[in-house]
Structures are given as C-alpha cells and as structure tokens.
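Participant: no FASTA, just this:
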C-alpha cells in the first residue's frame, strides 16, 4: 500500500541549527532515504523550496487566478514529501519515524489511493 508522508516544519526552528548541524541533518536525511530506497520502501522523495516561492492557483467560473505564496498563513509549512510503500499504516508510521527531520517538525502519514484506468 502506498502512503504519502508530508514533512511539516517551522523554518525558524531549522534556521536555529548551526551550519554543521544543518549539513548533518541533510546528510542524515539523504542516508535515510538511500536506506529506505534500497529496502524498496521509498518510491519518491523531494524537499520543497521555501513557501515564499510558491504560487497558489485557483480556477473559478473558467477564470484562473494566481496569487503569491501558500494558501494559508500558518507557522509550519510543507517542506517536502516522501511517497512510500508499506504493508500497512503501522509500518508506514515506523518508516516515517526514521526521518531525521521529524526531530524538528512533524510527518503527516496518509494512505494514497492507487487509481488506475481499465486499459492500464
């Protein structure tokens, strides 16, 4: 079963890390991703750029509106995502708990539908 692990954190907490701590967090994350990839659990993992670089797109009555930044003003922001394969929710939670960034934020684990069309 596929699970989306959304990585949420407060940028101000990450900014408090020293340069060496930041490099270690990055390397620990890469090492953990590589381990999970080798075990067949990671399908894709990506970090996201800062929320200020985002655009929000809405289409209403055929009109497209684009605004700067994220949709909501919240303390935490979506910093990345990891799509994993796990036996069940319990295993997905165990996998998410290995993400080093979980020490500075939170990982939302959500089951994903595997929707396919009949001719696929």
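Facilitator: Sure thing, it's come through. No experiment lies behind these values; they were computed from the predicted model shown.
Participant: Residue 108 falls within a helix, correct?
Facilitator: No: in this structure, residue 108 is strand, not part of a helix, as judged by DSSP: H, G, I helix; E, B strand; the rest coil.
Participant: who's it bridged to?
Facilitator: Using DSSP bridges, the beta-bridge partners of residue 108 come out as residue 6.
Participant: Enumerate every residue touching it.
Facilitator: Contacts for residue 108 (C-beta atoms under 8 Å, 6 or more residues apart in numbering) come out as 5-6, 8. Heads up, the C-betas are built off the backbone N, CA and C, glycines and all.
Participant: so which of the residues you listed comes closest to residue 105?
Facilitator: When the contacts of residue 108 are compared for distance to residue 105 (C-beta to C-beta), residue 8 wins out at 5.1 Å.
Participant: Need the buried ones from the contacts of residue 108 selected in PyMOL.
Facilitator: Here is the PyMOL command that selects the buried residues among the contacts of residue 108 (16 or more other C-beta atoms under 10 Å):
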select buried, resi 5+6+8
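Participant: Can you check the pLDDT for the nearest residue to residue 101 once chain neighbours are set aside?
Facilitator: Nearest residue to residue 101 in three dimensions, chain neighbours excluded: residue 7, at 5.6 Å (C-beta to C-beta, 6 or more residues apart in numbering). For residue 7, the model assigns a pLDDT of 95.
Participant: Please work out how many residues are found near residue 7.
Facilitator: Look at residue 7: counted by other C-beta atoms under 10 Å, it has 25 neighbours.
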